[in-house]
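Asker: Sequence isn't available, so here's the structure alone:
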Ligand code: 0ZB
Ligand code: CA
Ligand code: ZN
Ligand code: ZN
């Protein structure tokens, strides 16, 4: 725990400070030097911005309230009572040597760069919270750990008894370390930096209400666990407000959240980059007779074929159809690093939607930053973990999603799933295919891909009109 380190070396100093200031009333005690010290401190570590730094000019009301907010933020961070005033305890902490490790700095690590020597790290859940089911707690921790293991060469293994590197538990008030919890709000949890014994352990304040959503009052367990596990792995607080390791709580949706850049840089500074599996470097062989595709969509003027982490791009203008570009999806679609399951585009809107597992990405142009959401926003039941294929039928303004042996119809205008779905495939289609891998619409024609074949499908009459090899567009 980062504070432990600081307190061992400066504890006695802080003690003297408090004794010395206690008998004096607040007004007498607040000297101009103290206000200046606080202002400098809050500017440096909490991005306080006031219009004037001169102490001869009177402070305006906006500055004062900004200062009060920042004092509260700092008090919350140090587990002090959030009074918003420069009381003796608060000033004592500000005066204290900062141990050379600001609690807020673009990612930061512990003074000795403590980290785990082992790449496989075990964790054990010692006690569950009554606020959630065991499954919800397990899942929150699993997803929180996955954020970190996706960004660095680390594996987490859950053990149910015996020794573990990281022990996670819920406790209130005094609970066997030197850091008693403070009841509801304030400190939500704390974690110890990597090491023997309590090293790496995470304690959650049982006096908080733990949730899997966003409901208030309450704190999202995934979010807090993700932050605390950053400490367990050796990261200290970051000064970057968009970082997960920023000191303040902010709700993050476990279905959508990916580790911010600052935290990725932090974890990789300690453990290096993740070791990618063989599949990422192999280019699928498009002319293989067993070739099948994962997804197809039209992005801009180009048809994009996806297979594993690779893609081929060709223009929709027939004269240039022999020109094919190709590469790893991550080079054309920054941020998308996993295999793509499905994709569809709405030509009228000029956007494409790309699905990887329970996430979808909104893409307007290749090589442009895209943003993402969760498939559950479409109204899929939680049993659906990924989509096999998707196609937007412009004539209906509806999008069809294929999942296993059924399909869903989504109304893009109402932004709602049509009632009566999922349904099983129409009969003619069903007689030919068992599962759809990919689908796209081009000039009013719908192509459905299944295995090594692509089918030109007339949805109005439920008739398959033509059958071609799945790689027919790829110049084989
Ligand atoms: N633990 O890691 C913390 O940072 C403590 C304070 C420490 C002095 C022990 C803590 O509970 N901080 C609160 C928190 O929510 C701060 C707050 O209430 O805003 N930490 C978890 C967190 C932080 C950033 C993003 C997500 C979760
Ligand atoms: Ca608390
Ligand atoms: Zn504790
Ligand atoms: Zn923290």
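Answerer: Cool, got the structure. Keep in mind that what you see is a predicted model, and the values were worked out from it rather than measured. Ligands and ions are numbered 1, 2, ... in the order given.
Asker: From here on, just use CA atoms for contacts and neighbour counts.
Answerer: Fine.
Asker: So residue 72 versus ligand 1, what's the distance?
Answerer: 10 Å (CA to the nearest ligand atom, to the nearest Å).
Asker: how close does that residue sit to ligand 2?
Answerer: 15 Å (CA to the ion, to the nearest Å).
Asker: In this structure residue 119 contacts residue 149, no?
Answerer: No. Residue 119 is beyond contact range of residue 149, at 9.8 Å (criterion: CA atoms under 8 Å).
Asker: More neighbours: which of those two?
Answerer: Set residue 119 next to residue 149 and count neighbours by other CA atoms under 10 Å: residue 149 wins out with 17 against 13.
Asker: about what we covered before: so what sits against both of residue 119 and residue 149?
Answerer: residue 155 (CA atoms under 8 Å, 6 or more residues apart in numbering).
Asker: Low-confidence bits of the stretch 201-350 of the chain, can you list those?
Answerer: The stretch 201-350 of the chain contains residues with pLDDT under 70 at 276-281, 318-322.
Asker: residues from it in reach of ligand 1?
Answerer: 223, 224, 227, 228, 244, 245, 246, 247, 248, 249, 250 (CA under 6 Å from any ligand atom).
Asker: For those, work out which two are farthest apart.
Answerer: Greatest spacing in those, by CA to CA: 228 and 250 (13.1 Å).
Asker: Give me the more crowded residue out of those two.
Answerer: Taking other CA under 10 Å, residue 228 and residue 250 do not tie; residue 228 has more neighbours (27 against 13).
Asker: Now do the strand or helix carrying the more buried one: which elements does it pack against?
Answerer: Assigned by DSSP states H and E, residue 228 belongs to helix 221-232. Here helix 221-232 touches helix 134-151, strand 189-191, strand 202-205, going by 3 or more CA pairs under 8 Å, 6 or more residues apart in numbering; DSSP states H and E.
Asker: residues making contact with the first one?
Answerer: Residues outside helix 134-151 that contact it (CA under 8 Å, 6+ apart) are 128-129, 154-156, 212, 221-223, 225-226, 229-230, 254, 258-259, 264, 267-268, 273-274.
Asker: Of these, select the buried ones using a ChimeraX command.
Answerer: Here is the ChimeraX command that selects the buried residues among those (16 or more other CA atoms under 10 Å):
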select :128,129,154,156,212,221,222,223,225,226,229,230,254,258,259,264,267,268,273
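Asker: From one end of stretch 340-351 to the other, what's the distance?
Answerer: 16 Å (CA to CA, to the nearest Å).
Asker: and what of stretch 379-388?
Answerer: Note: stretch 379-388 ends 16 Å apart using CA to CA.
Asker: contact partners of that stretch?
Answerer: 294, 341-342, 355-358, 376, 401-404, 416-417, 436-438.
Asker: Apply 10 Å and report the result again.
Answerer: Outside stretch 379-388, the residues that touch it by CA atoms under 10 Å, 6 or more residues apart in numbering are 294-295, 340-343, 355-360, 374-376, 401-405, 407-408, 410, 415-418, 422, 435-439.
Asker: end to end, how far does stretch 363-372 reach?
Answerer: With CA to CA as the measure, stretch 363-372 spans 9 Å from end to end.
Asker: Average pLDDT for it, rounded please.
Answerer: Confidence for stretch 363-372, expressed as mean pLDDT, is 79.
Asker: Okay, buried residues for that stretch please.
Answerer: Across stretch 363-372, burial judged by 16+ other CA under 10 Å covers 363, 364, 365, 366, 370, 372.
Asker: and stretch 207-223, which residues are buried?
Answerer: 207-213, 218-223.
Asker: Show the contacting residues for residue 433.
Answerer: Contacts of residue 433 (CA under 10 Å, 6+ apart): 405, 425, 448, 449, 450, 451, 453, 455.
Asker: Of those residues, which qualify as buried by neighbour count?
Answerer: In these, the ones that pass as buried (16+ other CA under 10 Å) are 425, 448, 449, 450, 451, 453, 455.
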